[in-house]
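Trainee: Sequence plus the predicted model coming up.
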Amino acid sequence: MLRYDLVPDSTGVILHGLGELELEVAVMRLMRDFQIELEIGAPNVAYRETIAKVKEQDYTHKKPTGPSGQYARVRIRFEPLPAGGGYIFENVATNAAVPAEYMPGVVKGLDHAKESGVVAGFPMIDFKATLIDGAHHPVDSSVIAFDVAARACFREAIPQAGPKLLEPMMKVEVVTPLDYLGDVIGDLNSRRGQTLGMDSLDDAHAVSAMVPLSNLFGYVNALRSMTGGRAQHTMRFDHYEQVRGHWPPDDSPAL
């Protein structure tokens, strides 16, 4: 599904789509149907980050400023979730430790912090944050102070929780004449693809494989050239998986 974001402090627009072909069609329509002149950059991959270990962190934000200072203490446990688990926040701290009026600060701080992971700055997924304990001051505590404390707690804990980079994996299905089957499979393997299976059809073969999105840029033209335009393919997002080997890949657009 296509969507776009405006780039802050510039006239740029980031167009999001499910694959290179969808983006190419959208760009062609903008240029042809709406007569818009575009300067187009290379597509980027929507990487994600997560953690592999449980880490409990205690952080105190204390800053004397003006007539009243800033004070907030949080103790948060970060733990990995299974793939597809998303993000979960849970509060088990007592109201005496962190009063309900300050909870929006903790929630907002973690929500903001998780949008920029520690490996390469990509959003974090598949982890749980549990507020275990904390402390407040009758004068110096505020929602803002707990927001700052939660963000800082996150930044101290995540590097020690086994952070790892995840890449989107696409399920690719190719239907090709038998004459090109070897070339198609070899090309998928060269793109770090894992063949899932093959089926024989009447006059062709169907190949399914799991391939990192970062290695699929230009695949439409490559497959057309490889098979003389006689093969067809589909691809869809399947899941996120830990990046293996060198990152970013040498043959992918710079991020």
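Mentor: All right, it came through fine.
Trainee: which residues are in contact with the helix or strand harbouring residue 221?
Mentor: Taking DSSP states H and E as the definition, one finds residue 221 inside helix 219-227. For helix 219-227, contacts defined as Cβ atoms under 8 Å, 6 or more residues apart in numbering pick out 20-21, 24, 172, 174, 176-177, 180, 183-184, 187, 191, 231, 233, 235. Every residue, glycine included, has its C-beta placed from N, CA and C.
Trainee: Closest to residue 209 out of these?
Mentor: Among the contacts of helix 219-227, residue 172 lies closest to residue 209 (Cβ to Cβ), at 5.1 Å.
Trainee: rewinding a little: and the helix or strand following the helix holding residue 221, which strands flank it?
Mentor: Downstream of helix 219-227, the first helix or strand assigned by DSSP H and E is strand 232-242. In the sheet containing strand 232-242, its partner strands are strand 164-176 (antiparallel), by DSSP bridges.
Trainee: Just give me how far the helix or strand following the strand it pairs with sits from the chain centre.
Mentor: In the C-terminal direction, the helix or strand that comes right after strand 164-176 (DSSP H and E) is helix 181-190. Its chain's C-alpha centre and that of helix 181-190 lie 28 Å apart, by Cα atoms, centre = their mean, to the nearest Å.
Trainee: what are the C-alpha coordinates of stretch 192-209, in PDB please?
Mentor: C-alpha atoms of stretch 192-209 as PDB (Å, rounded to 0.1, in the frame of the first residue of the first chain):
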ATOM      1  CA  ARG A 192      21.100 -14.600  -0.600                       C
ATOM      2  CA  GLY A 193      17.800 -16.400  -1.400                       C
ATOM      3  CA  GLN A 194      16.700 -19.600   0.200                       C
ATOM      4  CA  THR A 195      14.800 -21.900  -2.100                       C
ATOM      5  CA  LEU A 196      11.600 -23.200  -0.500                       C
ATOM      6  CA  GLY A 197      10.400 -25.500  -3.200                       C
ATOM      7  CA  MET A 198       9.600 -26.200  -6.800                       C
ATOM      8  CA  ASP A 199       6.500 -27.400  -8.600                       C
ATOM      9  CA  SER A 200       6.200 -28.700 -12.200                       C
ATOM     10  CA  LEU A 201       3.400 -27.200 -14.300                       C
ATOM     11  CA  ASP A 202       2.300 -28.100 -17.800                       C
ATOM     12  CA  ASP A 203       5.000 -26.400 -19.700                       C
ATOM     13  CA  ALA A 204       6.900 -24.500 -16.900                       C
ATOM     14  CA  HIS A 205       8.300 -24.700 -13.400                       C
ATOM     15  CA  ALA A 206       7.300 -22.700 -10.400                       C
ATOM     16  CA  VAL A 207      10.000 -21.800  -7.900                       C
ATOM     17  CA  SER A 208       9.400 -20.300  -4.500                       C
ATOM     18  CA  ALA A 209      12.200 -18.700  -2.400                       C
END
